[in-house]
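[1] here are the coordinates; sequence isn't available:
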């Protein structure tokens, strides 16, 4: 019997799927759900996928009243595993128990973290874990000053503070406050908006960017990738805030539009009811979700650097010049990857939107919104997820999973054995297009 050779892409995909299955089983345990709570296998699988892919979509209307304390701890742990990634945590645990990280494990980790070199990967993992926990702890402490004064039970407020710090930094966008005390009630709470917003932004930037900024403390010394990530993040945040304010005007405060602008590309938290905002605002949210956060972050989407490369390529093509950034040439390979990623994402979203329209009685804007939200791991919804059938749930599960591991990983899985002619040189052929 021939042994199957596991590529790094296979292991990345399989590791996420394995943890999703384990999470599904945990969510179905009697100790996880409250007495009145019930969760079908498909809903447990959907929720587990959402947690591990840090999306935040769930058919469960109220996590706070449906799950026990144990269940909420399980959910928080699953968010943490999904945010840091299974492989990163595995390597970190191996270093704690003194296991040696071999070449194969380093190669897998390299692909998982989108790094160009095998050097320094173990140190990088330790750094990611340490900085992530420090940021979450600071967020937790600040949350105590928000939730303890507004809740009757101090112990419950402590648990809520910890849960939401984890959920915000890992861009999961899930809350356990319940129907009567959800985030909409905190829309004018300045400390809540700042703390949750900053945690979401930091998670969307990624620990590697955060560490580089802390270490180098000079714009000139930062890597080009970090500069692009920071500039695009700030630019999109400002653009979203301005557009939402112009569209909604007096219907939303500056605090509400800025919080919405942050979360459309990151966690998906809401302090406004999306079913009551104008259609034009929804039309702005969709591309912002599609773009997403920075690479190597807890956020999803095609990533801000992908958009940057695509825009640079378009402008340079129009001028008939080389594609340059910060006095450096963007390689053809990078441009092709950006193009393939964007096109494959659009095709997947198009198929998903079509299927949702086929399965559900809904309009095209809602179907497109939910498809983009699932793929980008943003988790925003127009009150759609909790009332869909098996077919639609299956579609969104696939979209969340593909969005988290990446369309390029899926393409590598499909075509990895079909690249036997990659070293051959062929004669060029010009085909008329356009």
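    The structure has been received and is ready for your questions. Only a predicted model underlies this, so the values are computations on that prediction, with no experimental measurement involved. Residues are numbered from 1 along each chain as shown.

[2] how about the strands in the stretch 251-400 of the chain?
    Using DSSP state E, counting those that start in this stretch, the strands of the stretch 251-400 of the chain run over 324-325, 328-329.

[3] quick one: residue 84 and residue 127 touch, right?
    No: counting by CB atoms under 8 Å, residue 84 stays clear of residue 127, with 11.9 Å between them. In this view, the C-beta of every residue, glycine as well, is placed from N, C-alpha and C.

[4] Out of the strands of the stretch 251-400 of the chain, which is closest to residue 202?
    Nearest to residue 202 among the strands of the stretch 251-400 of the chain is strand 324-325 (24.3 Å), distances taken as CB to CB.

[5] strands paired with the closest one, and their directions?
    Applying DSSP bridges, strand 324-325 is found paired with strand 328-329 (antiparallel).

[6] Show me where the protein dips below the pLDDT cut-off.
    Under the criterion pLDDT under 70, the flagged ranges of the chain are 1-5, 36-37, 87, 90, 92, 94-105, 107-119, 179-181, 416-423.

[7] hang on, the earlier thing: will you turn the strands of the stretch 251-400 of the chain into TSV that also has distance to residue 388?
    Formatted as TSV, the strands of the stretch 251-400 of the chain follow (distance: least, CB to CB, whole Å):
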stretch	distance to residue 388
strand 324-325	42
strand 328-329	46
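
[8] And those: which comes nearest residue 375?
    Taking CB to CB, strand 324-325 is the member of those nearest to residue 375, at 26.6 Å.

[9] tally of neighbours for the closest residue to residue 182 other than its chain neighbours?
    Using CB to CB, 6 or more residues apart in numbering and skipping residues adjacent in sequence, the residue nearest residue 182 is residue 175, 6.3 Å away. Residue 175 is flanked by 23 other residues according to other CB atoms under 10 Å.

[10] does residue 175 count as helix, strand or coil?
    coil (DSSP: H, G, I helix; E, B strand; the rest coil).

[11] And it, how far from residue 58?
    11 Å (CB to CB, to the nearest Å).

[12] For residue 158, give me its contacts.
    Residue 158 makes contact with 144, 148, according to CB atoms under 8 Å, 6 or more residues apart in numbering.

[13] what about it, which helix or strand?
    helix 154-169 (DSSP states H and E).

[14] Next secondary structure after that helix?
    Next along from helix 154-169, by DSSP H and E: helix 190-205.

[15] Stretch 216-223 spans what distance, first to last residue?
    Terminal residues of stretch 216-223 are spaced 10 Å apart (CA to CA, to the nearest Å).

[16] Pull the number of nearby residues for residue 255.
    The burial count for residue 255: 17, using other CB under 10 Å.

[17] do residue 7 as well
    16.

[18] What distance do you get for it to residue 164?
    Counting by CB to CB, the gap from residue 7 to residue 164 is 37 Å.

[19] got it, and residue 282?
    Using CB to CB, residue 282 is found at 25 Å from residue 164.

[20] So for these two, which sits in the more crowded spot?
    Between residue 282 and residue 164, counted using other CB under 10 Å, the more crowded position is residue 164 (28 against 18).

[21] my read: that one touches residue 175, true?
    Yes: using CB under 8 Å, residue 164 makes contact with residue 175 at a distance of 6.3 Å.

[22] okay, now residue 385: neighbour count?
    Residue 385: 23 surrounding residues under other CB under 10 Å.

[23] which ones are touching it?
    Going by CB under 8 Å, 6+ apart, residue 385 touches 57, 58, 59, 370, 396.

[24] Just give me the neighbour total for the first one.
    Neighbour count of residue 57, defined by other CB under 10 Å: 28.

[25] Checking my notes, it in a strand, right?
    No: if the criterion is three-state DSSP, then residue 57 is coil and not within a strand.

[26] Next, the contact list for it, please.
    For residue 57, counting by CB under 8 Å, 6+ apart, the contacting residues are 46, 50, 370, 373, 374, 379, 381, 385, 396, 400.

[27] try 7 Å this time
    50, 373, 374, 379, 381, 385, 396, 400 (CB atoms under 7 Å, 6 or more residues apart in numbering).

[28] Repeat that for the fourth one.
    Residues in contact with residue 370 (CB under 7 Å, 6+ apart) are 356, 381, 384, 385, 396.

[29] Redo the contacts of residue 385 as TSV? Include distance to residue 270.
    Converted to TSV, the contacts of residue 385 look like this (distance: CB to CB, whole Å):
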residue	distance to residue 270
57	13
58	14
59	17
370	15
396	18
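
[30] Which of these sits closest to residue 17?
    residue 396 (16.0 Å).

[31] Find the nearest non-adjacent residue to that closest one, please.
    residue 374 (4.5 Å).
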